[in-house]
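Novice: Using only what follows, build the 3D model:
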Amino acid sequence: MVSPWRWRIIPNSRQLLVLACLLFLFWCMTLYRVSNFSLGKQKESEVLKNEIISLSEKYVRALSRENTDIVDGPYAGRFTAYDLKKTMAVLLESMLERLSRLENQVHHVMNVSNSSLANLTRPLLTEQSEDSIHAEDLILGKTEACMLTEQDKQVYTKCEGKLEWMRQMWQSDACYASYGVDGSECSFLMYLSEVEGWCPKRTWKKNVKVPIEDKSKVQYIDTNDDIEGLMKILVDPNERQGYAWIRMRIRKMWPKWVLAAGNLKEKQKLEKRRRKKILVHLGLLSKQSGWGFAENQFKGGPLGELVQWSDLICTLYVLGHQLTITSETYQLEKILSQLPAANSPCQSRTDLPVHIIYTDIVGLRQFKRYVKGGYGKFSCLLRIVDSFGTEPAYNLRMYAKAHKILTSWGGQDLLPQQFFTMFPHSPDNSFMGFVVEQHLNDSDVKGIKRENWALVYGKNDYMYENATRVSLYRGKDKYLNTIKKRLEVHGTVYVDEKAKTKRSYMPSFVTNHGLQKPEDFHILLRKSKIFVGLGFPYEGPAPLEAIANGAVYLNPKFSTPHSSKNIQFFKGKPTARELTSQHPYAELFIGEPYVYTVNMHNDTQVLKVLDKILQNKEFTSHMPYEFTEEGMLQRMNAYIEHQNWCQFQKQEAKWPPHSAISFVMGADGQSCKDACWQQGLICEPSHFLQINSARSMKQAKVDCSREDYVADIFYPGYDPHSNECVFQKEELLFSCVGQKTNFRRFCPCRNYIKGQTALCQECL
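Specialist: Below is the predicted model of the structure:
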């Protein structure tokens, strides 16, 4: 039995707890007395601050209950209450200060530093810049001074204009307020930098941290050889069967695409590329276009555009990207309707469902019609499939209107390089190209004998017309009669059974095989020695198919270049390009012995060329690499990896790399396109910005007597008589084709890979 004395001496847990509480209370009282002794009476500012903190705590609770969905103020993120955020900033600053004090107290207590107890409750001193704003200042309505420096204006050239627009129009749409715009200068700059990217962030916050990308969310891709997956995407939206010809071509050529991807992987690294979400909208196939491409695809209608779209779709899919394909407007509207802000003018691209959009001019119009004010956020994602190209003068609406050259196809206000052409005829645009189909393999051609045939280029009867309907077609009968002196003349003209009574302009001596299937057409090319151009259609794929099958292409030369000035076909097209022949690419980049450019109206010259061709006993095939499956995969992959037009900071181009660039001073009145070509180079418009300064002109040994900035297609450059230098004021007007008398242009030129003109030697 335990004695009462022993029970009193040994304390139980309850007694120990009571003792600990008494000791803690005594320690707190001591600390309080020491603090009061060292600090004395609190300053009036501290009292006011504590009152602010106390009131803020109550204010936070009230705001959180009453204003859950309110968004306003320059410091607000999207869907965050501005007033609530300001108040929380005060509370957080106070909490951090108190935590710092507590850390100091614990440190001193653990080290039994009684001598420094007087310092335990002193405020934590932190380094602050002179113009920084304390959290409590926000409650009192103090705002930051947001200003653009001269350097900001030079680097972000569009910022000032956008800022002026915001001052006048920020209340034109509620979306601006939803992003925190409240009418203050800082809110304008914050929105234009954080949301739209037009302005620098450092104008409103001192330390800008570069966001670290979460690599775990990035999807990497390899090539894709699953054709059935592509066929599931290429499903016709209606009974018009618009994709039928495209599907047929893809299935036929698929083994070659897969083989080409394998060959390209051996030459360059295709792994670890980022998967892009790509929307492909074929506006030309829509019912609203009225062009009848879908209805006429198997009736001799133009197939050049369908060839290009087919090969583009194949390229994107084989490269491994995620595709969505549409052709009707309701499909496009359905995709865009999934994005609540599609129609909003606020240009945030963070929530967009795609990274790249490929469409044509018709599709672009449909796109604009739906998104309306929201078009701006999509514009830098666009790649416009544009067979004949769009020159800078026709692209900038304001300039085209002022010079009375605005057409229904032009005035899109995109970067000229966002237009993708069928042939590399305009360095201001990007060359997309297509694949020249080769249906016959080595075993197929062994049994085919080359006949003394001339096969005429043309699938429709009107191409043989010798009447006055279009001046371009006069004199064809005489031209074909001249060829008939040396070879049998054959044709592949579509005959409409329902319109047999319609007059035929095809000469009676032409053996017509009718509209051929691609395989049969290539057999005819293998049997023929010459493929005869009639001057139209311009820049089609058939001449390259003929050359690939060993037939020599007779390319009509125009005594007067064909352009919008004298040919109805080019009227309204956004280009002033002058064609010197039916197929300028074949004339410039291929040439003899595969291409002979002749004057159709000079019988002597035609016969002389025919005799020269027929002396050749062997007709060999030729295929430029850029028109093969592998060449197109290489070119388009480079574009997708390096072309990015959603960065608005003015900076020197990184691609093509500087090592591939040379700067050339053109001759008086010479365009940059011609000045570069004269040096065996190609004009590279992405590097114009690099030489658009007096410093660059001085490096070219030109001392400017006067400097000026003008918005026109001829600059930068200088007047050789007065040495007056003129620089480009509007970046959308940087042009390779502009030329002016009594003016020498300063031109950026790049080298190129022979057979792959779109890429420089260092581009891969």
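Novice: Kindly export stretch 384-400 (C-alpha atoms) in PDB.
Specialist: Included here for stretch 384-400 are C-alpha records, laid out as PDB according to Å, rounded to 0.1, in the frame of the first residue of the first chain:
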ATOM      1  CA  ILE A 384      -3.100  30.600 -95.800                       C
ATOM      2  CA  VAL A 385      -2.800  28.100 -98.700                       C
ATOM      3  CA  ASP A 386      -2.500  30.600-101.600                       C
ATOM      4  CA  SER A 387      -1.400  29.200-105.000                       C
ATOM      5  CA  PHE A 388      -0.300  32.400-106.600                       C
ATOM      6  CA  GLY A 389       0.800  34.300-103.500                       C
ATOM      7  CA  THR A 390       0.000  37.600-101.900                       C
ATOM      8  CA  GLU A 391       2.500  40.500-102.100                       C
ATOM      9  CA  PRO A 392       3.100  42.900 -99.200                       C
ATOM     10  CA  ALA A 393       1.600  45.900-101.200                       C
ATOM     11  CA  TYR A 394      -1.700  44.000-101.600                       C
ATOM     12  CA  ASN A 395      -1.700  42.500 -98.100                       C
ATOM     13  CA  LEU A 396      -1.700  45.700 -96.000                       C
ATOM     14  CA  ARG A 397      -5.200  47.000 -96.400                       C
ATOM     15  CA  MET A 398      -4.500  50.600 -95.600                       C
ATOM     16  CA  TYR A 399      -1.600  50.700 -98.100                       C
ATOM     17  CA  ALA A 400      -3.600  48.900-100.800                       C
END
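Novice: in it, what's buried?
Specialist: 384-396, 399-400 (16 or more other CB atoms under 10 Å). Every residue, glycine included, has its C-beta placed from N, CA and C.
Novice: Now do stretch 533-547: distance to the chain's middle.
Specialist: 30 Å (CA atoms, centre = their mean, to the nearest Å).
Novice: okay, how far is it across it, tip to tip?
Specialist: Stretch 533-547 stretches 13 Å from its first residue to its last (CA to CA, to the nearest Å).
Novice: just checking, Met697 is part of a helix?
Specialist: Yes. Remark: Met697 belongs to a helix, assigned using DSSP: H, G, I helix; E, B strand; the rest coil.
Novice: Start at 2, not 1
Specialist: Okay, using 2 as the starting number, the last item reads as Met698.
Novice: What residues does it make contact with?
Specialist: By CB atoms under 8 Å, 6 or more residues apart in numbering, Met698 lies in contact with Ile692, Cys705, Pro717, Tyr719, Cys726, Phe747.
Novice: So which of those belong to strands?
Specialist: With DSSP state E as the criterion, strands contain Tyr719, Cys726, Phe747 from among the contacts of Met698.
Novice: Distance check, Val259 against Ser723.
Specialist: 61 Å (CB to CB, to the nearest Å).
Novice: Who has more neighbours out of these two?
Specialist: Neighbour count, other CB atoms under 10 Å: between Val259 and Ser723, Val259 has more, with 17 against 11.
Novice: Nearest spatial neighbour of that one, chain-adjacent residues omitted?
Specialist: In space, and not counting its chain neighbours, Val259 is closest to Asp226: 4.6 Å by CB to CB, 6 or more residues apart in numbering.
Novice: Which strand in this protein has the most residues?
Specialist: Longest strand of the chain, by residue count under DSSP E: strand 553-563.
Novice: tell me the average confidence for the helix or strand following that strand?
Specialist: Remark: after strand 553-563, the chain's next helix or strand is strand 580-582, criterion DSSP states H and E. Averaged across strand 580-582, the pLDDT comes to 96.
Novice: Where does pLDDT dip in the stretch 452-601 of the chain?
Specialist: 462-476, 498-505 (pLDDT under 70).
Novice: same thing but at 50, please
Specialist: Residue ranges of the stretch 452-601 of the chain with pLDDT under 50: 466-474.
Novice: what about the helices in it?
Specialist: With DSSP state H, counting those that start in this stretch, the ranges of helices along the stretch 452-601 of the chain come out as 477-485, 519-528, 543-549, 585-586.
Novice: Need these in JSON lines (columns: mean neighbour count and distance to Asn297).
Specialist: Listed next are the helices of the stretch 452-601 of the chain as JSON lines, based on neighbours: other CB atoms under 10 Å; distance: least, CB to CB, whole Å:
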{"stretch": "helix 477-485", "mean neighbour count": "18", "distance to Asn297": "23"}
{"stretch": "helix 519-528", "mean neighbour count": "19", "distance to Asn297": "16"}
{"stretch": "helix 543-549", "mean neighbour count": "25", "distance to Asn297": "17"}
{"stretch": "helix 585-586", "mean neighbour count": "22", "distance to Asn297": "26"}
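Novice: Out of the ones you listed, which is closest to Gly375?
Specialist: Smallest distance to Gly375 across the helices of the stretch 452-601 of the chain (CB to CB): 38.0 Å, for helix 585-586.
Novice: How far does the closest one sit from its chain's centre?
Specialist: Relative to where its chain is centred, helix 585-586 has its mean C-alpha point 26 Å off (CA atoms, centre = their mean).
Novice: Now do the contacts for the residue nearest to Val259.
Specialist: With CB under 8 Å, 6+ apart, Asp226 has these contacts: Val259, Ala262, Val319.
Novice: What's the local residue count around Phe510?
Specialist: 11.
Novice: try Lys402
Specialist: Neighbour count of Lys402, defined by other CB under 10 Å: 12.
Novice: Apart from its neighbours in sequence, what residue is nearest it?
Specialist: Gly412 (7.3 Å).
Novice: So Thr158 sits against Glu732, correct?
Specialist: Yes. If you go by CB atoms under 8 Å, Thr158 and Glu732 touch, sitting 7.1 Å apart.
Novice: doesn't Gln419 make contact with Asn396?
Specialist: No. Here Asn396 does not reach Gln419: they are 9.0 Å apart, not a contact under CB under 8 Å.
Novice: Direction included, what does the longest strand of the chain pair up with?
Specialist: Partners of strand 553-563 in the sheet, by DSSP bridges, are strand 531-533 (parallel), strand 580-582 (antiparallel), strand 596-600 (parallel).
Novice: hang on, Arg384 in a helix?
Specialist: No. Under three-state DSSP, Arg384 sits outside any helix and is assigned strand.
Novice: quick one: it from Glu197, how far?
Specialist: If you go by CB to CB, the gap between Arg384 and Glu197 works out to 21 Å.
Novice: between the two, which one's more packed in?
Specialist: Neighbour totals were compared for Arg384 and Glu197, and Arg384 leads with 24 against 21 (other CB under 10 Å).
Novice: who's in contact with the nearest residue to the more buried one once chain neighbours are set aside?
Specialist: Spatially, and ignoring its direct neighbours in sequence, Arg384 is nearest to Tyr359 (4.9 Å; CB to CB, 6+ apart). Each residue near Tyr359 by CB under 8 Å, 6+ apart is listed here: Ile279, Leu280, Val281, His282, Leu313, Leu317, Arg384, Val386, Phe421.
Novice: Roughly how far does Ala400 sit from Ser736?
Specialist: For residue 400 the amino acid is Tyr, not Ala. From Tyr400 to Ser736 the distance is 10 Å (CB to CB).
Novice: overlap in contacts of the two?
Specialist: With CB under 8 Å, 6+ apart as the test, Tyr400 and Ser736 both reach Ala394, Ile714.
Novice: does Gly739 really touch Phe715, like I thought?
Specialist: Yes. Counting by CB under 8 Å, Phe715 is a contact partner of Gly739 at 4.7 Å.
Novice: Those two: which is more packed in?
Specialist: Using other CB under 10 Å as the criterion, Gly739 and Phe715 rank with Gly739 on top: 22 against 17.
Novice: before we move on, back to that, can you work out which residues contact both of Gly739 and Phe715?
Specialist: Arg746.
Novice: Just list whatever residues bridge to the residue lying closest to Asn600 once chain neighbours are set aside.
Specialist: Once flanking residues are discounted, Asn600 sits nearest to Lys558: 5.1 Å by CB to CB, 6+ apart. Counting by DSSP bridges, Lys558 forms beta bridges with Ser582, Asn600.
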